[in-house]
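# Need coordinates for the below:
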Amino acid sequence: MNSRRGFLKSLGYGLILLKTGLLFPLKTLAAWPKKAFSSEEPQDAIRALFGDRTITESDRIHIDMPRGAENGAIVPITVRTDLKNVQSISLIAEKNPIALLAQFSFNGKGRGDYLRTRIKLAKSSHVFVIVEAGGELCSAKRYIEVLKGGCD
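Here you go, the predicted model:
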């Protein structure tokens with residue numbers, strides 16, 4: 001009897017958590033830019049993310065990554081910016097089967113942001129970084145030589 005009562009009690013609590021959104025907080029889940037993540041061309045991914053907004057090259061975005069990579073499957077990249085109110089940082093590869101590598105969202109209240117991750121590259125190409133800060137779009141790019149592609 002106790003196990004049945006405990007089960008029903010747990011089920012009731014679970015339903016309450018589900019109904020109130022505490023179990024799966026849908027409001028906190030990030031929006032999935034499906035069209036951008038399925039674009040093969042960098043311009044299509046950029047258009048899917050930002051529409052026809054103007055993107056300005058900036059020397060306030062600093063990309064630290066190797067000039068060459070033996071294996072494109074694991075390429076470390078660090079992005080630093082001193083732009084204020086950063087809302088997002090997007091990483092796009094010129095010659096990948098899927099151009100958009102990642103998009104990271106921030107709260108937009110910081111004075112600058114720092115991002116460190118690893119990316120996967122199919123071929124030698126430019127890697128573009130687009131930072132949305134204070135309602136404006138800024139970009140920077142770096143070229144990397146890949147000896148063995150990571151998207152094979």
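# All the helices of this protein, residue numbers only.
2-20, 34-37, 42-50 (DSSP state H).
# Name whatever forms a beta bridge with the most centrally placed residue in the chain.
Geometric centre of the chain, nearest residue: residue 103, 1.8 Å, by CA atoms, centre = their mean. The partner list for residue 103 in beta bridges (DSSP bridges) reads residue 90.
# rank the helices of the chain by pLDDT, which is bottom?
Sorting those by mean pLDDT places helix 2-20 lowest, at a mean of 61.
# Could you list the low-pLDDT ranges of this structure?
For the chain, the stretches flagged by pLDDT under 70 are 1-2, 4-32, 110-112, 149-152.
# all strands of it, in order?
When assigned using DSSP state E, the strands of the chain occupy the ranges 55-57, 61-64, 68-71, 75-81, 86-93, 100-105, 113-119, 125-133, 136-148.
# Quick one: list the elements packing against the fifth one.
Based on contacts counted as 3 or more CB pairs under 8 Å, 6 or more residues apart in numbering; DSSP states H and E, the elements that strand 86-93 packs against are helix 42-50, strand 75-81, strand 100-105, strand 113-119, strand 125-133. For the C-beta atoms, the positions are set from N, CA and C on the backbone; glycine is no exception.
# same question, the longest one
Judged by 3+ CB pairs under 8 Å, 6+ apart, the packing partners of strand 136-148 are strand 55-57, strand 61-64, strand 68-71, strand 75-81, strand 125-133.
# So which of these is the most surrounded?
Across those, the average number of neighbours (mean count of other CB atoms under 10 Å) peaks for strand 125-133, which reaches a mean of 22.
# And for it, what's in contact with it?
Applying CB atoms under 8 Å, 6 or more residues apart in numbering, the contact partners of strand 125-133 are 42, 46, 49-50, 55, 58, 61, 63, 65, 77, 79, 81, 83-96, 101, 113, 119, 121, 137-144, 146.
# I'd like to know which of those residues are buried.
Buried members of the contacts of strand 125-133, counted by 16 or more other CB atoms under 10 Å: 42, 46, 49-50, 58, 61, 63, 65, 77, 79, 81, 83, 85-96, 101, 113, 119, 121, 137-140, 144, 146.
# Mind putting the helices and strands packed on strand 86-93 into TSV with distance to residue 35?
Converted to TSV, the helices and strands packed on strand 86-93 look like this (distance: least, CB to CB, whole Å):
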stretch	distance to residue 35
helix 42-50	4
strand 75-81	23
strand 100-105	10
strand 113-119	20
strand 125-133	16
